[in-house]
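In: model this:
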Amino acid sequence: MSSKVFTLDEVAKHNTKDDCWLIIGGKVYNVTKFLEDHPGGDDVLLSSTAKDATDDFEDVGHSTTARAMMDEYLVGDIDATTIPTKVKYTPPKQPHYNQDKTPEFIIKILQFLVPLAILGLAVAVRIYTKSESA
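Out: You can find the predicted model right below:
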């Protein structure tokens, strides 16, 4: 027996306390009768309607008993092509912001000269303290 295939639009219409369908793992479940028995409350289920609720379901970490109960509510499969693909968020490119407005070349020169000056000072102190003790 082949199960009925639903589109996301068809499933999305079932989003009330009197008629609640969820998409989990590519399957469509009519969980209306289970709403009042759900340990997390009916709001949790209702907030997962009209979208692929697989991540919501998996993030909670349901028991094997809960997973076994799902078969009782299965009404069909989802047409995966009707579910929008998740787009990974990429932040917009931002230009380098130099907070103190110091030109780049001055910073580069200082990055070279400051350690050189510290090294020169250390050598001068070493030579001075050596000649004092001799």
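
In: Give me the phi and psi for residue 90.
Out: Here is the backbone geometry of residue 90 (degrees, to the nearest 10): phi -120, psi 120.

In: give me the number of residues near it?
Out: Per other CB atoms under 10 Å, the neighbour tally for residue 90 reads 6. Every residue, glycine included, has its C-beta placed from N, CA and C.

In: Repeat that for residue 50.
Out: For residue 50, using other CB under 10 Å, the count is 17.

In: same deal with residue 47?
Out: Neighbours of residue 47 (other CB under 10 Å): 13.

In: low pLDDT regions in this structure?
Out: 1-2, 87, 94-102, 132-134 (pLDDT under 70).

In: Domain boundaries for it, per the record?
Out: 5-82, 100-133 (the TED database).

In: Throw these into CSV and include distance to residue 88, thanks.
Out: Below are the domains of the chain laid out as CSV (distance: least, CB to CB, whole Å):
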stretch, distance to residue 88
domain 5-82, 14
domain 100-133, 32
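
In: looking at those domains, which is buried most?
Out: domain 5-82 (a mean of 15; mean count of other CB atoms under 10 Å).

In: Compute the first-to-last residue distance for it.
Out: End-to-end distance for domain 5-82, by CA to CA, to the nearest Å: 11 Å.

In: which strands and helices sit next to the top helix by length along the chain?
Out: The longest helix of the chain (DSSP state H) is helix 104-133. On a contact count with 3 or more CB pairs under 8 Å, 6 or more residues apart in numbering; DSSP states H and E, helix 104-133 meets no helix or strand.

In: Tell me which of the domains of the chain lies nearest to residue 89.
Out: Of all the domains of the chain, it is domain 5-82 that lies closest to residue 89, at 15.0 Å by CB to CB.

In: What ranges does this structure have for its strands?
Out: Secondary structure of the chain (DSSP state E): strands at 5-6, 15-16, 19-24, 27-30, 74-78.
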